[in-house]
Structure formats: C-alpha cells, structure tokens
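In: Give me a model of this one.
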Amino acid sequence: MQVLVTGGAGFIGSAVTAELVGAGHEVTVCDNLARGHREALHPNAEFVHGDIGDKAMLDRVFGKDAFETVMHFAAFIEAGESMQKPEIYFENNTANALTLLTTMLEYDVERFVFSSTAAVYGDPEYTPIDEDHSLRPVSVYGASKLMVERMLTWFNQIHGLGYTALRYFNAAGAAPPLGEDHQPETHLIPITLQVAAGQRDHLELYGTDYPTRDGTCIRDYIHVLDLASAHLLALHALEPGAQRIYNLGNGRGFTNREVLEAARRVTGRSIPVAEAGRRPGDPAVLVASSERIQQELGWNPQHPDLDDIIGSAWEWRRQHPEGYSRPVWEALGG
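Out: Below you'll find the predicted structure:
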C-alpha cells in the first residue's frame, strides 16, 4: 500500500513509519521538521520537507504518487502551550488538517487515519473513559483535535471518506533506535529521566492538590510500540466509507508521584522534586477503556508494565544523552 505519513519525523509518527516500512508498505513522509527530527526519519521512506498548510506543496506530493491512505500525525501537542498560544494550535492542528483533507478529496484518496487524543474528553465524568464519553475538552489542544474529528464526521457523511480516529492517552517509552526528544520537553517521563541523567536539577511536579490518591494527576501510559501496532491494525482494517473511533491506553492509571517512584526504581537515581501549581488544561484523571479496539481489531498491548515503559525510555536516553543530535539508523546499518 502507498501511504503518506504527515509528521513522520515526530515521536509517534517515526515509530509508525518504521512499522509501516517493516510491513512492506511504500511510505512517503511529509514533515516541516518544526518539532520533528530529520535523524528519526526511516531511511527507506521517501521524505518531503514541507508544511501541510502549503497547498502547492501538497499538490506536488499528491500529484506524484497515488496514495491509498494518509496517516496524519502533524500537530502541536502541548496542552499547556495551547492555553498560551491558541492561535497556533487552531492554525496548525485544525486549519492545516482541513487543507490536507480537501487535497485528499481532489486526488481521490479514500482512507484517513487520524492521530487524535484523550484530551477531547476533558474532565472525565467516569473512568475508565470509553469512546461514548461526552466530549468537552478543557484545553485548546483538545479542542483543536476535536474540531478535526467533527470535520471527519461530515467528510465521511458527505464525501464517503473512510477514517479512523485514534484517541491516545499518554504515549511513552522508546522503539529502538527511536525515542522521545521534544524541544522543549514537557512530558513527565522524559523530563524525569533528564533529571536522573543529570541534565536537569529537579523535576517540577505540577499540581499536588488534585482529588486523587496522592494529590497528583493520574494518567494512563501506553508504550509507543503498542501505539504503532494499533495504527497498522487500523490501517489494514479501514475501508472507504467506514467510520471508526478507538481509544488507545492500557486501562490503568498512575499518579505523577507513582511515575516518579517507578523512575527512581528503574534508574537507581534519587530524582529531586520541586512542587509547583497546577497547569491550565490538565484534567485530574485520564484512564482509558480500550475494549472497543481490542474486540473489533484484536489489539492487545504487549508492553503494559510501567517499569518496562520507563526502562525502554531510560535505555534510549542513556544511549542518546543529547537526543537526536546524531544519526540513529546508521548505528543499526540503516
């Protein structure tokens, strides 16, 4: 299958690209490298350096290859930043997605796999959260993704576009030779490991007065390799005209303090902490029910243990202390 992957130089996009190539698909990656890494690009995927908001560039890409599916990862993902700069999230995440979708229609591409987020749910009314939960995002990030899901519903109804929206909970871990390296880094596990590695003085613990068992946020962590496997299942199952929505999580939540203690166990380091106030847009609890994708597509996470997830990220950090400052694929012979 010929697949276009937008944002294929990012954390999850690069891992999915590697799985696609490994499964024998012909992959083209389009990424503007604003927040992705050229070093993460799979050597057997064709690369186009460009922004999906650039219609002329998209016309060149779609005019060159007869894509059967688009897998869309190109988005800004920081809830906190979205509450400070809403305009860039609505432009990049929502408006640019519309440009991509309209281009797909023009070139008769009938399948779309969308990287969505658990942030579309907002503060949960119950846990674990299933796909029928009400959608009331509490961050601009979640709202920008939900607007794309709304567009997909209408594109499906009116144009027959087949799509699957995958609502991630907290992606973590490493898929060697690939790892997590955001600039700047705002995610709990990689920041904790940077402290363990001596690259930061301490971990800031945002919010210690949430209505949880120890006062800190509860999150459902899922290994990036399990996310990648779900994407391939979604791709292979998706038919033109179909409409599917799935949560992706392990169904178990850990508090920020529990993640910290797990990181201390894995690394053997003390990891100093400074308590700070809550960040805007952070729900107290996000834990997934992933029964639908398990029942319909047979997906089953293979790496659910928190220590294993953190351990894979720690091993990558030890091997790549400066992140993607040097090639990673060449070390494995391409």
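In: all contacts plus neighbour counts: C-alpha atoms, from now on.
Out: Fine.
In: Could I get the pLDDT score of A331?
Out: Listed pLDDT for A331 reads 53.
In: pretty sure S290 contacts G251?
Out: Yes: S290 lies in contact with G251 (CA atoms under 8 Å); the separation is 6.8 Å.
In: show me where the chain has helices.
Out: 11-22, 55-64, 79-82, 86-89, 96-106, 140-159, 188-196, 224-237, 256-267, 291-297, 306-319 (DSSP state H).
In: give me every residue that touches I189.
Out: Contact analysis of I189 by CA atoms under 8 Å, 6 or more residues apart in numbering lists 172, 259, 263, 310.
In: Mean confidence (pLDDT) on stretch 68-78, please.
Out: Averaging pLDDT along stretch 68-78 gives 96.
In: Please save the CA atoms from that stretch in PDB.
Out: What follows is stretch 68-78, C-alpha atoms only, in PDB (Å, rounded to 0.1, in the frame of the first residue of the first chain):
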ATOM      1  CA  GLU A  68      -4.200   4.900  -0.900                       C
ATOM      2  CA  THR A  69      -4.100   6.200   2.700                       C
ATOM      3  CA  VAL A  70      -3.000   9.200   4.700                       C
ATOM      4  CA  MET A  71      -1.900   8.800   8.300                       C
ATOM      5  CA  HIS A  72      -1.900  12.200   9.900                       C
ATOM      6  CA  PHE A  73       0.400  13.000  12.900                       C
ATOM      7  CA  ALA A  74       1.500  16.500  12.100                       C
ATOM      8  CA  ALA A  75       0.200  18.600  15.000                       C
ATOM      9  CA  PHE A  76       1.300  20.600  18.100                       C
ATOM     10  CA  ILE A  77       0.600  18.500  21.200                       C
ATOM     11  CA  GLU A  78       1.300  20.600  24.300                       C
END
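In: who touches it?
Out: Contacts for stretch 68-78 (CA under 8 Å, 6+ apart): 1-8, 10, 12-13, 31, 89, 92-93, 109-115, 141, 186, 235.
In: and the helices of the chain as JSON lines, adding distance to G281?
Out: Formatted as JSON lines, these follow (distance: least, CA to CA, whole Å):
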{"stretch": "helix 11-22", "distance to G281": "22"}
{"stretch": "helix 55-64", "distance to G281": "32"}
{"stretch": "helix 79-82", "distance to G281": "6"}
{"stretch": "helix 86-89", "distance to G281": "12"}
{"stretch": "helix 96-106", "distance to G281": "22"}
{"stretch": "helix 140-159", "distance to G281": "8"}
{"stretch": "helix 188-196", "distance to G281": "15"}
{"stretch": "helix 224-237", "distance to G281": "23"}
{"stretch": "helix 256-267", "distance to G281": "16"}
{"stretch": "helix 291-297", "distance to G281": "27"}
{"stretch": "helix 306-319", "distance to G281": "24"}
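In: and of the ones you listed, who's closest to Y126?
Out: Evaluated with CA to CA, the helices of the chain place helix 291-297 nearest to Y126, the distance being 15.4 Å.
In: I would like the residues contacting that closest one, please.
Out: For helix 291-297, contacts defined as CA under 8 Å, 6+ apart pick out 233-234, 237, 246-248, 299-300.
In: One more: stretch 301-320?
Out: 172-180, 189-190, 193-194, 197, 221-223, 225-226, 250, 259, 262-263, 266-267, 323.
In: again with stretch 22-29
Out: 1-9, 17, 20-21, 44-48.
In: Also stretch 210-226?
Out: So stretch 210-226 is in contact with 12, 15, 169-175, 206-209, 248-257, 283-288, 300-304, 306, 309, going by CA under 8 Å, 6+ apart.
In: From these, list the buried ones, please.
Out: If you count burial by 16 or more other CA atoms under 10 Å, the buried members of the contacts of stretch 210-226 come out as 12, 15, 169-175, 206-208, 248-257, 283-288, 300-301, 303-304, 306, 309.
In: Next step: those restricted to strands.
Out: Residues of these located in strands (DSSP state E): 170-172, 206, 248, 254-255, 285-286.
In: I'd like those residues written out as JSON lines, with pLDDT and distance to L98 added.
Out: Below are those laid out as JSON lines (pLDDT from 0 to 100; distance: CA to CA, whole Å):
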{"residue": "N170", "pLDDT": "93", "distance to L98": "25"}
{"residue": "A171", "pLDDT": "95", "distance to L98": "25"}
{"residue": "A172", "pLDDT": "97", "distance to L98": "28"}
{"residue": "Y206", "pLDDT": "93", "distance to L98": "34"}
{"residue": "L248", "pLDDT": "98", "distance to L98": "24"}
{"residue": "F254", "pLDDT": "97", "distance to L98": "35"}
{"residue": "T255", "pLDDT": "98", "distance to L98": "36"}
{"residue": "V285", "pLDDT": "90", "distance to L98": "31"}
{"residue": "L286", "pLDDT": "89", "distance to L98": "28"}
